[in-house]
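>>> pasting the structure only:
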């Protein structure tokens, strides 16, 4: 799927990114996955476009001392993805109390 590669290429200059699970050592990173795919536009009762819906999770683990503003990174990621055709952004700020990890969940879609 082309969107996987496009998402990684857009986010990696901002922070490390991985599809599904991140296995690196960075304390700030992104993961992403597709949660839905469906026909979006029709002509003569046949689908002519497909929408893929993505979640991009931004993570900051405890012990991160970079002072990086996660909201600033969120805005950079949204801009990078918007510039390559993603749309319909929503964001939810979360806190994972079991791991004491800051987490922002972004959702967006791409129609082709």
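Looks like it arrived, so ask away. For clarity, every value in this text was computed on a predicted model and none was experimentally measured.

>>> count the residues that sit near residue 51.
Counted with other Cβ atoms under 10 Å, residues neighbouring residue 51 total 17. No exception for glycine: its C-beta is placed from N, CA and C like everyone else's.

>>> ok, it touching residue 34?
No: Residue 51 lies out of contact with residue 34 (Cβ atoms under 8 Å); the separation is 10.5 Å.

>>> roughly how far is the helix ranked longest in the chain from the heart of the chain?
If you go by DSSP state H, the chain has its longest helix at helix 70-82. Put simply, helix 70-82 sits 9 Å off its chain's centre (Cα atoms, centre = their mean, to the nearest Å).

>>> what mean pLDDT does it get?
Mean pLDDT, helix 70-82: 97.

>>> return the set of buried residues in it.
70, 73-74, 76-78, 80-81 (16 or more other Cβ atoms under 10 Å).

>>> which one among the residues you listed gets closest to residue 3?
Among those, residue 81 lies closest to residue 3 (Cβ to Cβ), at 9.8 Å.

>>> what's the closest non-adjacent residue to that closest one?
residue 10 (5.5 Å; Cβ to Cβ, 6 or more residues apart in numbering).

>>> which strands and helices lie in contact with the helix or strand where that neighbour lies?
Element membership for residue 10, per DSSP states H and E: helix 2-11. When contacts are defined as 3 or more Cβ pairs under 8 Å, 6 or more residues apart in numbering; DSSP states H and E, helix 2-11 packs onto strand 17-19, strand 28-43, strand 46-60, helix 70-82.
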